[in-house]
Each structure stands twice: as structure tokens, then as C-alpha cells.
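Engineer: got a sequence here, can you build the structure:
(one chain, ligands or ions: 1)
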Amino acid sequence: MAGEQRLAVVGAGLMGAALARMFAAAGWSVRVCDPDQAALERLNADLPANAGMPTGRIVGHRLLAEAVADADLVIEAAPEKPALKQQLFVQLAALTPASCILATNSSVIPVATVGAQVDDANAQRIVGTHFWNPPDLIPLVEVIQGPRSAPAAIETTLAMLRGIGKQAVHVRRDVVPGNRLQHALWREAMALVDEGVCTPEDVDAIIKNSFGLRLAVLGPLENADLVGLELTADIHKVVLPQLSRATEPSSALTQRLARGERGISAGAGFYSGWTEARVAALRARLIRHVQRVLQER
Ligand SMILES: NC(=O)c1ccc[n+]([C@@H]2O[C@H](COP(=O)([O-])OP(=O)(O)OC[C@H]3O[C@@H](n4cnc5c(N)ncnc54)[C@H](O)[C@@H]3O)[C@@H](O)[C@H]2O)c1
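Structural biologist: The predicted model follows:
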């Protein structure tokens, strides 16, 4: 059954290419649409590296209609621009079979927004599938129910993802925006840099070598039970009023951007001296770490 299922991925970038390879390795036939021929070529050039995957499972297309016409599942992984995604979902609603699930991998744009220009009947089959990078390695996928998503579409999506071995979690409401947990921490980390409490290196060192170490096995709510809810409430009375409530990007971030320090693409961001070799070493370390943690589970 799994071998007969068909995925179409919209966007052959970082996430789209990895998603295509992941589903192909699990036995799905995969089509990928991208207007950028170079992105499609990279996709195919990367294929032989995936040992064991039957060749021809991933086919690249410049035209959306060709890529999605017979899909069981479409995952949109195009750039994070609301108008572009809205336009794509109008086209996807028209070009795909009525039984096809239409999923967005958007990081923070709500399911309701990407499907805003789609009629009610088609909006029922639009859901969010929020994968984490690298999606083939990180087990979890959030399956997000938009205000018009049909429960059956959510169930089908959860089953498809569990069928390829992902840990799919049903997010029951399309909170605006998503990704709150991660950016709550990033806001506080940048506020500490802004206020001159710590350097960026020190903030990261504190997180990586203290509570960051346990996060993969101990979630914050389990942790609250461990320390006790009375102590947690007492701590919150003191800490919460002091936490950052910034509603704009921090000046730690905007000042660097104004200086052209965009992160690894510019060689500098919060850290300086990003070279290709350093980035590659960091990525390799991250992958090794995640693999080790998962193996030990
Ligand atoms: N990078 C991450 O860590 C990450 C994690 C989770 C979710 N996401 C989300 O996934 C989506 C894709 O992110 P990414 O990092 O892979 O981006 P990316 O920039 O690497 O890739 C986007 C691709 O979409 C293509 N594209 C542009 N217009 C298109 C169109 N009309 N039709 C089809 N393809 C088109 C581009 O040519 C490019 O190849 C975004 O919504 C992003 O927020 C990214």
C-alpha cells in the first residue's frame, strides 16, 4: 500500500528536497515542482547519495499541474511568503484530486492564511505539516488543524506520516503564529544580549551545557512535575514579571542586520568568522548528536 502512495512537493529547497528524499526512501513515488531548474537539478544530482533508494522515485517538474495531478498528498515547501502560498493553494485546490491532502510546511504562517482564498469544500483538505530541519532526522511532525480542516483530513495525514515512521502530533488549533516555544526562548536569549547581561557565546554556552542537555529527554512540563508545582508557582511569581515581553525584533538582531551581519550567509551574525568549513563541521556535529540521542531511546 505504502509503495503505491504518491507525494508531490512544491519547492525543491532545503526542506522540500529533504522531504522528497525521505518519502521516496519510505517507498512513495515523489514529484517535485520548482520554477528554478537549478534547484531541480540539485535534487537529482543529490539522489545517488541516498543508497538503497530506487532511482526514478523522485521526478522534478517546472509545471505545478504536472507535479500534482495524481497526488495523494501535496506538501508545500515554497518560500515563507503569505501571498505566494495563498496563490499556490488556489492552484493546488484546482489541480489536485478531491481526495488529495494539501499540506503546508510553513513555519509561522497559519493554515487559515495559506488557505484564505480557497472555497470551503477544498479548504477541508488543507492542513499544516510542520517538519523540523533536517526533516529526515528529526522524528516529530506537527499536524496542524486549521479552522476549516476536516477531522478526516487530519486523521489521514497523521496515518500517512506515521506510515513512514514519523512521530506525528496533532496540534488541535491553528494558533497564530506557530513555533511559539522556540521563539519564546530565542526572544529571551536575545534580550539578555541586548541588556548586556551575557555575550551571545555565553547565552548559548549556558543553554547548551545546562537545561538544554536535558530537553531531549525531559520536557518542561514533566520537569515542573519533578520539581513540584508549588515550587514552580513560587519561581514564576518572581521570574515571569521580569521576562522579556518585546513585541519587536530585538536590537541585538536589528543592529547586526543593519551592519550586514545576516548570519552564516554573510560570514557573521551573532558569531563572527563563519567559514564554509566551520558551518559544515557544525552541521555534522548536529546530525551526529541527534542520531546518537535517537539511537539511545
Ligand atoms: N528551513 C527550515 O529550517 C524550515 C523548517 C520548517 C519549516 N520551514 C518552512 O518550509 C518552507 C520552505 O523553506 P526552505 O527553507 O526549504 O526554503 P528554500 O528557500 O530553501 O526553498 C524554497 C524553494 O521554493 C522554490 N519556489 C519559489 N517559488 C515557487 C513556486 N511558485 N512554486 C514552487 N516552488 C517555488 C524556490 O525556488 C526554492 O527552491 C518555508 O515555508 C519555511 O518557513 C523551513
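Engineer: distance of the residue in the stretch 151-297 of the chain that the ligand sits nearest to from Asp70?
Structural biologist: The nearest approach of the stretch 151-297 of the chain to the ligand comes at Asn179, 8.3 Å away (Cβ to the nearest ligand atom). For the C-beta atoms, the positions are set from N, CA and C on the backbone; glycine is no exception. For Asn179, the distance to Asp70 equals 32 Å [Cβ to Cβ, to the nearest Å].
Engineer: swap in Ala77?
Structural biologist: Separation of Ala77 from Asp70 (Cβ to Cβ) stands at 19 Å.
Engineer: compare the two (neighbour count), which wins?
Structural biologist: More crowded of Ala77 and Asp70, by other Cβ atoms under 10 Å: Ala77, with 26 against 13.
Engineer: and the more buried one, what pLDDT?
Structural biologist: Among the per-residue scores, Ala77 shows a pLDDT of 98.
Engineer: can you offset everything so residue one is 400?
Structural biologist: In the new count, where the first residue is 400, that last one comes out as Ala476.
Engineer: verify the contact between it and Gly412 for me.
Structural biologist: Yes. Proximity of Ala476 to Gly412 meets the contact threshold set by Cβ atoms under 8 Å, at 6.5 Å.
Engineer: now do the helices in the stretch 400-549 of the chain.
Structural biologist: 413-424, 436-445, 463-467, 481-494, 510-513, 519-522 (DSSP state H, counting those that start in this stretch).
Engineer: weakest of those helices by average pLDDT?
Structural biologist: Mean pLDDT is lowest for helix 436-445 out of the helices of the stretch 400-549 of the chain, coming in at a mean of 84.
Engineer: hmm, that helix in reach of the ligand?
Structural biologist: Yes. Part of helix 436-445 sits near the ligand under the criterion Cβ under 6 Å from any ligand atom, namely Ala438.
Engineer: any idea how far the residue of the chain found nearest the ligand is from Gly564?
Structural biologist: Closest to the ligand within the chain is Gly412: 1.7 Å, counting by Cβ to the nearest ligand atom. Here Gly412 is placed at a distance of 23 Å from Gly564 (Cβ to Cβ).
Engineer: could you do Leu406 as well?
Structural biologist: 15 Å.
Engineer: the two: who's more crowded?
Structural biologist: Leu406 (28 against 11).
Engineer: spit out the contact partners of that one.
Structural biologist: Residues in contact with Leu406, defined by Cβ atoms under 8 Å, 6 or more residues apart in numbering, are Leu418, Ala419, Phe422, Trp427, Ser428, Val429, Arg430, Ala470, Asp471, Leu472, Val473, Ile474.
Engineer: pull the CA atoms of the helix or strand of the chain with the lowest mean pLDDT into PDB?
Structural biologist: Ranking every helix and strand in the chain by mean pLDDT, DSSP states H and E puts helix 436-445 at the bottom, with a mean of 84. Extracted in PDB, the C-alpha atoms of helix 436-445 (Å, rounded to 0.1, in the frame of the first residue of the first chain):
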ATOM      1  CA  GLN A 436      15.700  24.500 -12.800                       C
ATOM      2  CA  ALA A 437      18.900  24.600 -10.800                       C
ATOM      3  CA  ALA A 438      17.000  23.500  -7.700                       C
ATOM      4  CA  LEU A 439      15.500  20.600  -9.600                       C
ATOM      5  CA  GLU A 440      18.900  19.600 -10.900                       C
ATOM      6  CA  ARG A 441      20.400  19.700  -7.400                       C
ATOM      7  CA  LEU A 442      17.600  17.400  -6.300                       C
ATOM      8  CA  ASN A 443      18.500  14.800  -8.900                       C
ATOM      9  CA  ALA A 444      22.300  15.300  -8.500                       C
ATOM     10  CA  ASP A 445      21.900  14.500  -4.800                       C
END
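Engineer: now it: buried residues?
Structural biologist: Buried residues in helix 436-445, defined by neighbour count with 16 or more other Cβ atoms under 10 Å: Ala438, Leu439, Arg441, Leu442.
Engineer: stretch 527-544 too?
Structural biologist: In stretch 527-544, counting by 16+ other Cβ under 10 Å, buried: Gly527, Thr528, His529, Phe530, Pro534, Asp535, Val540, Val542, Ile543, Gln544.
Engineer: OK, contacts around the first one?
Structural biologist: For Gly527, the contact set (Cβ under 8 Å, 6+ apart) comprises 502-505, 509-510, 541-545, 570, 573, 577.
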